[in-house]
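A.B. asks: I need the structure of the sequence given here:
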Amino acid sequence: MPEAVIQRPEVFLIVQRLLEEFNDLFKKRAEELKKHGLAFIVEKHGLFVIARTLDEAIENAVRVEGAARTALFSQLIKK
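C.D. replies: Numbers count the residues shown, from 1 in each chain. Alright, predicted model coming up:
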């Protein structure tokens, strides 16, 4: 994020609020995160994966991609 944007008070407040929400959500899923990591998609940004190791993060990303591909193909088959 450009430095000028971070210093704008309204941007700081929004980012601060989002980080608090993010932390609250992940506290609820701490066991999943500890066991195998988490992945989520952010609209207009893409896939984010959090895991204990880089290899685990890559494996989780590949799994999400495979699940997304399966869901997409199943929708195409229905038509």
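A.B. asks: can you pull the contacts of residue 38?
C.D. replies: 26, 29, 32, 49-51, 60 (CB atoms under 8 Å, 6 or more residues apart in numbering). Where you see a C-beta, it was placed from the backbone N, CA and C, and this is true even at glycine.
A.B. asks: Mind telling me what element residue 71 is part of?
C.D. replies: Using DSSP states H and E, residue 71 maps to helix 54-78.
A.B. asks: Can you tell me which of the contacts of residue 38 is closest to residue 66?
C.D. replies: Each of those was checked against residue 66 using CB to CB; the closest is residue 60, at 10.7 Å.
A.B. asks: Could you report the distance from the closest one to residue 20?
C.D. replies: 25 Å (CB to CB, to the nearest Å).
A.B. asks: More neighbours: the two, which one.
C.D. replies: residue 60 (18 against 10; other CB atoms under 10 Å).
A.B. asks: Name all residues that make contact with the more buried one.
C.D. replies: Residue 60 neighbours (CB under 8 Å, 6+ apart): 36-39, 49, 51.
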